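Engineer: Predicted model follows, preceded by the sequence.
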Amino acid sequence: PAIESALGWGNWEIESNDPRRLTLGAEPDLNNHAWDVAFGLWRDARQDFIPITAEKLAAFWLSTDQAFNTHSFSWRNRAARWIGVTEYWIVLLLAIAGWLRLYKLQPAIAVVLLLFLVFVTLLHVPLTMNTRLRSPLFDPMLVSLAGGGWLSLTARLRST
């Protein structure tokens, strides 16, 4: 909200087909201005670094922005987003189980994947962290790990 207030526009306006989008200017200019504003706000908000970072990580990894910041959407769109977020949370839990299984079987590979997740996540902390950035970088890997988690879960169920 602070960035949107300082800029006078938000990401959601850039990604729309609304005629107002054309009045905002070229995307490279908007990006440069957003960087300047963001760095200024980060400098001013040093004491708020931990809560801001926690909120950004929650949006990035838990899709909280997709579930809770939907006040401008219709109830049907909000319901669809909640369903999608819930399904993502299930995949994420299965991916964690799959990573744990991979760690037991191939610890070196599991550690490399974890380091990749941490490194790329940390690179995104200064940026707007949303699911659109996470999806191409991590979601295919999460789905693959979720397959391992599903396999582990069903193997346990079959053995009982």
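Structural biologist: Ah, there it is.
Engineer: show me where this structure has helices.
Structural biologist: With DSSP state H applied, the chain shows helices at 2-7, 11-14, 27-44, 49-62, 64-68, 75-105, 107-124, 131-159, listed in chain order.
Engineer: winner for burial among those?
Structural biologist: Between the helices of the chain, helix 64-68 has the highest mean count of neighbours, a mean of 17, where neighbours are mean count of other Cβ atoms under 10 Å. To be clear about C-beta, it is placed using only N, CA and C from the backbone, and glycine gets the same treatment.
Engineer: Show me what that helix is packed against.
Structural biologist: Counting contacts by 3 or more Cβ pairs under 8 Å, 6 or more residues apart in numbering; DSSP states H and E, helix 64-68 packs against helix 49-62, helix 75-105.
Engineer: Those: which one's closest to residue 18?
Structural biologist: Shortest separation from residue 18 across those is recorded for helix 75-105, at 15.8 Å, computed as Cβ to Cβ.
Engineer: So in this structure, where's the weakest helix or strand by average pLDDT?
Structural biologist: When the helices and strands of the chain are compared on mean pLDDT, DSSP states H and E, helix 11-14 comes out lowest with a mean of 74.
Engineer: From the rest of the structure, what touches stretch 145-160?
Structural biologist: With Cβ atoms under 8 Å, 6 or more residues apart in numbering as the test, stretch 145-160 has contacts from 91-102, 113.
Engineer: Identify the residue spatially nearest to the spatially most central residue of the chain, adjacent ones excluded.
Structural biologist: Among the residues of the chain, the one closest to the centroid is residue 60, at 2.1 Å (Cα atoms, centre = their mean). Spatial nearest neighbour of residue 60, excluding adjacent residues (Cβ to Cβ, 6 or more residues apart in numbering): residue 129 at 3.8 Å.
Engineer: thinking the one you found is in contact with residue 63, fair?
Structural biologist: No. Shown here, residue 129 and residue 63 do not form a contact pair, counting by Cβ atoms under 8 Å, at 10.8 Å.
Engineer: quick one on the thing from earlier: turn the helices and strands packed on helix 64-68 into a markdown table, columns for mean pLDDT and distance to residue 42.
Structural biologist: As requested, the helices and strands packed on helix 64-68 are exported to a markdown table (pLDDT from 0 to 100; distance: least, Cβ to Cβ, whole Å):
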| stretch | mean pLDDT | distance to residue 42 |
| --- | --- | --- |
| helix 49-62 | 88 | 8 |
| helix 75-105 | 94 | 28 |
